[in-house]
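Visitor: Turn this into a structure:
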Amino acid sequence: MSLKLNCDLGESFGSWKMGLDEAVMPHIDQANIACGFHAGDPLVLQKTLSLAKTNNVTIGAHPGYPDLVGFGRRTMKVSDAELKAMVQYQIAAIDGMAATQGLTLTYVKPHGAMYNDMMANAQNRKVIMQAIAEYHRPLVLMLQSTPQAEQHLAEAKEAGIELWFEIFADRCYDDDGKLLARSKPGAVHSKEKMLAQVKQLKESGTVTTVSGHTLNLRSDTLCVHGDNMEGVNAIQEIRELIS
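Guide: Sure thing, here's the model as predicted:
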């Protein structure tokens, strides 16, 4: 199985520092870059794109709800038209900034609550797929791999877009294929369990759920987090495991 590594980056804002982008970027394949709604600002976006260019990393838009205070982690009740417009607006912002540096935006991965709402709500997912499909050139949508992958592929085909399925390295999976709620014990893996999950995924395309069941999941890309040095060190070890 060939897996890419992706990470959410460019999430600083003004004098507020978030993440260790410089330490993470050399070890990943895909950078999901904040577009200014949930995090990021024009200068941070410019610098993050430059860092991706230096490290030859594929760039993706990481749009979220317009919620700087809540870091985009709070659901917002918006109309379909608003959701589509805010996604396209953010894609266009990073696409234009990337073009000034000779870079090409490749994909879109929604952030936080927008991502969760997309996975839980078929209508939200349809609108986001339409937003991407209506963009003036092809872009791939990255979304969470679940047992409903075939359904999501059919939805994407109808919309006329391509999907990349994402697995999480540091999260425990429930028996239904969803991520175990953070409020439950063991929801976030220790480093040892995280590396074991990555190794299992690489070798067999499966993960072991919270109750010990084996779950087959389609996977194109692996999400890693690097907001502390322990996380950065884990990314380096994951890189070695999947290479």
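
Visitor: Look up the residues forming beta bridges with the closest residue to Gln30 other than its chain neighbours.
Guide: Nearest in space to Gln30, with sequence neighbours left out and distances taken as CB to CB, 6 or more residues apart in numbering, is Asn6 at 3.9 Å. The way it works is simple: take the backbone N, C-alpha and C, and place the C-beta from them, glycine included. For Asn6, the beta-bridge assignment (DSSP bridges) gives partners Gln30, Cys223.

Visitor: can you pull out the strands in this structure?
Guide: Counting by DSSP state E, residue ranges of the strands within the chain are 4-9, 30-34, 58-62, 105-108, 140-144, 162-168, 206-208, 214-216, 221-223.

Visitor: Using CSV, lay out those together with distance to Lys84.
Guide: As requested, these are exported to CSV (distance: least, CB to CB, whole Å):
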stretch, distance to Lys84
strand 4-9, 22
strand 30-34, 19
strand 58-62, 14
strand 105-108, 12
strand 140-144, 13
strand 162-168, 18
strand 206-208, 33
strand 214-216, 33
strand 221-223, 24
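
Visitor: Tell me where this protein has helices.
Guide: In the chain, helices defined by DSSP state H lie at 21-24, 42-54, 80-99, 112-120, 122-133, 149-159, 191-204, 229-242, listed in chain order.

Visitor: count of residues packed around Leu45?
Guide: As a burial measure, the neighbour count of Leu45 was computed by other CB atoms under 10 Å and equals 20.

Visitor: quick revisit: mind putting the helices of the chain into a markdown table with distance to Ala169 and mean pLDDT?
Guide: Conversion of the helices of the chain to a markdown table gives the following (distance: least, CB to CB, whole Å; pLDDT from 0 to 100):
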| stretch | distance to Ala169 | mean pLDDT |
| --- | --- | --- |
| helix 21-24 | 13 | 92 |
| helix 42-54 | 20 | 98 |
| helix 80-99 | 25 | 98 |
| helix 112-120 | 16 | 95 |
| helix 122-133 | 23 | 98 |
| helix 149-159 | 18 | 98 |
| helix 191-204 | 5 | 91 |
| helix 229-242 | 6 | 84 |
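
Visitor: So what would you say the end-to-end distance of stretch 178-190 is?
Guide: Counting by CA to CA, to the nearest Å, the length from the leading to the trailing residue of stretch 178-190 is 19 Å.
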